[in-house]
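> I'd like to go over a predicted model; first the sequence, then the structure.
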Amino acid sequence: MNGKSILGVLVGLIAFFGVKYGFEYFSPGESEVPTVVPPAVSNNPAYKKVMGELDAVEEDLEQAESIEEALRLTEKALVKTLPLQLDEFTVMTGVKAGPGKQFTYIYELRGEEVEALSAEELESAMRPQLESQYNGPAMRAYKEGGVTAIYRYSDSKGNLISEIKILP
């Protein structure tokens with residue numbers, strides 16, 4: 001599998017945690033944010049595990065008085081699912097709410113081919129897709145709420161490969 005194929009696999013799962021709860025409950029006055037979750041994601045056991053934890057805090061999310069509070073509740077729910085194997089190359093090892101209106105997704109990339117990607121290769125492949133996801137309907141409230149989404153990728157030894165910030 002070449003580097004582009006590997007990145008294609010990663011892209012399908014990189015931001016799925018933000019899709020359904022990409023501020024579905026954080027948008028005042030809106031009961032539903034349209035979400036389209038591809039079957040490759042919705043059938044992933046990792047997705048089901050995360051959604052179970054988020055469903056458990058659904059009422060608290062609905063009553064959150066601020067975006068920052070909702071981000072903290074989301075972090076608390078997601079931490080219970082970690083580490084989380086997303087695909088053969090990607091493990092979500094952490095999430096972090098804050099400071100302020102930021103939410104960080106922390107990933108470990110495993111496998112020689114993936115770990116060999118440079119920061120520039122990873123960012124040039126991922127940024128357009130992460131921006132498209134961020135600017136889409138599923139994460140609309142991130143943008144409207146002024147939340148910065150941060151995607152941090154490290155290798156299996158903990159060395160930072162790249163950090164991609166998507167600004168509102």
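Thanks, I have it. Numbering: from 1, shown residues only.

> can we go C-alpha only for contacts and neighbour counts from here?
Will do.

> Scan this structure for its longest helix.
helix 119-135 (DSSP state H).

> Run through the neighbouring helices and strands of it.
helix 3-14, helix 140-144, strand 160-166 (3 or more C-alpha pairs under 8 Å, 6 or more residues apart in numbering; DSSP states H and E).

> cutoff 6 Å now
Helices and strands in packing contact with helix 119-135 are not found; criterion 3 or more C-alpha pairs under 6 Å, 6 or more residues apart in numbering; DSSP states H and E.

> relative to strand 160-166, how tilted is it?
Interaxial angle, helix 119-135 versus strand 160-166 (axes from the mean of the first three to the mean of the last three C-alpha atoms, to 10 degrees): 30 degrees.

> Report the buried residues of helix 119-135.
Buried positions in helix 119-135, judged by neighbour count with 16 or more other C-alpha atoms under 10 Å: 119, 122-123, 125-127, 129-131, 133-135.

> average pLDDT across stretch 141-151?
Averaging pLDDT along stretch 141-151 gives 85.

> same question, stretch 106-116
Stretch 106-116 comes out at a mean pLDDT of 84.

> Give me the distance between the two termini of that stretch.
One end of stretch 106-116 to the other measures 18 Å (C-alpha to C-alpha, to the nearest Å).
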